[in-house]
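Chemist: make a model of this:
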Amino acid sequence: MKKTLIIAEAGVNHNGQMDLAFRLIDAAVKAGADYVKFQTWNSESVISKYTPKAEYQKESTDANESMLEMERKLELPFENFLILKEYCYRKGIGFMSTPFDIGSAIFLYSIGIDIIKIPSGEITNLPLLEIISEFTCPIILSTGMCEMHEIEAAINILQRKGKKDITLLHCNSSYPTPMQDVNLRAMQTLKEYFKLTVGLSDHTLGVEVPIAAVAMGAEVIEKHLTLSRKMEGPDHKASIEPDEFAYMVKCIRNIELALGNGVKQVTDSERKNMAIVRKSIVASRKISRGETFTPDNITVKRPGTGISPMKWYEVLATKAKRDFDEDELIEL
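Modeler: Residues are numbered from 1 along each chain as shown. This is a model prediction of the structure:
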């Protein structure tokens, strides 16, 4: 099975502080993630001064400040992403960041980012999609808050230049997402309809959903990572901490092994038990030489080292060529 790409979504959980960003990268490396992802934007280019905060943001940040004021505190200057990218590569983990405006997208592409991740909120941002369609790197597209026709429109824009390497992430943009709203089967619908690689951007509490998603065919898993869910900030409460993230990675890797190749056959690990667990045809009482085998003098018992019970009718009506003790394996 192809290895699942696991993205540790550091996002804005650095709270605008580089020391926390470095610690998030270290935590992602230790947990076994393939990539750590941040978010890149210019606050004035993305948010008008009239934009209210989402309810979940009000619960974990200053309820009196505007979204613009909050985002200014969380925003990192472009040059810091070059530092983070270099730090990631030194640590042996891939670097990603999500652009929320055209200038950020062009900047990230200019520094040689491996993959461009388009967030759910930008799936109807036609000018941004058109710019990204010019890029040659792979694209990951989140689909939270989307109807099928909106996803299709975005894909059509991205594919105008012939781009083929697009991955769709099923997503619910509620922080945290209630279990009854996850709708994992929609991920399979995306795969069947668009014929593209699919995965999951998960905002549930815990790790059950991303693990289940891998069993259902997800090839990419994105999950928010925080150093502590008790920290102040908009996304910490919908994130998981380093130990839980590491557990999720371990479970996903185990699921990858468990899925196997789909061929039903005896494995090496179980083959050694076949002789013990299966049964053979044995004497149910003492049998004398020349006596005819009947249901009254033979039966089926372990071990499976003798004649298979599948040959039961071949054995019946034949004669014993020697004496047999009770429970002795029958020979013809």
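
Chemist: beta partners of the closest residue to residue 7 other than its chain neighbours?
Modeler: Among residues not flanking residue 7 along the chain, residue 222 sits closest, at 4.2 Å (Cβ to Cβ, 6 or more residues apart in numbering). For the C-beta atoms, the positions are set from N, CA and C on the backbone; glycine is no exception. Residue 222 forms beta bridges with residue 7, residue 201, as assigned by DSSP bridges.

Chemist: ok, residue 222 to residue 311 distance?
Modeler: 56 Å (Cβ to Cβ, to the nearest Å).

Chemist: please identify which of these two sits among more neighbours.
Modeler: Remark: of residue 222 and residue 311, residue 222 carries more neighbours, 27 against 14, as counted by other Cβ atoms under 10 Å.

Chemist: over to residue 95. Which of the three states is it?
Modeler: strand (DSSP: H, G, I helix; E, B strand; the rest coil).

Chemist: bridged to it, which residues?
Modeler: Going by DSSP bridges, residue 95 forms beta bridges with residue 36.

Chemist: count of residues packed around residue 120?
Modeler: By the criterion of other Cβ under 10 Å, residue 120 has 17 neighbours.

Chemist: does it touch residue 171 like I think?
Modeler: Yes: counting by Cβ atoms under 8 Å, residue 120 touches residue 171, with 5.5 Å between them.

Chemist: okay, now residue 271: neighbour count?
Modeler: 9.

Chemist: separation between it and residue 215?
Modeler: Taken as Cβ to Cβ, the span from residue 271 to residue 215 is 26 Å.

Chemist: what residues does the lowest-mean-pLDDT helix or strand in the chain touch?
Modeler: Lowest mean confidence among the helices and strands of the chain (mean pLDDT, DSSP states H and E): helix 55-60, at a mean of 74. Contact with helix 55-60 is made by 67, 70, 174, 175, 232, 233, 234, 236, 237, 238, as judged by Cβ atoms under 8 Å, 6 or more residues apart in numbering.

Chemist: which of these are buried?
Modeler: Among the contacts of helix 55-60, the ones that count as buried by 16 or more other Cβ atoms under 10 Å are 67, 70, 174, 175, 233, 234, 236, 237, 238.

Chemist: so who does the fifth one touch?
Modeler: This points to residue 233. Residue 233 neighbours (Cβ under 8 Å, 6+ apart): 12, 13, 15, 60, 61, 74.

Chemist: neighbours around residue 44, how many?
Modeler: 13.

Chemist: adjust the sequence numbering to begin at 59 for everything that follows.
Modeler: Got it, the first residue is 59 from now on, which makes the last one we talked about residue 102.

Chemist: spit out the contact partners of it.
Modeler: Neighbour list for residue 102: residue 126 [criterion: Cβ under 8 Å, 6+ apart].

Chemist: which helix or strand contains it?
Modeler: helix 101-104 (DSSP states H and E).

Chemist: now that helix: buried residues?
Modeler: 101, 104.

Chemist: any idea how far it is from the chain center?
Modeler: Helix 101-104 has its C-alpha centroid displaced from the chain centroid by 32 Å (Cα atoms, centre = their mean, to the nearest Å).

Chemist: tell me the confidence at residue 59?
Modeler: Residue 59 carries a pLDDT value of 66.

Chemist: repeat that for residue 119.
Modeler: pLDDT, read off for residue 119, is 78.

Chemist: again with the one 5 residues further on
Modeler: Per-residue confidence for residue 124 comes out at a pLDDT of 81.
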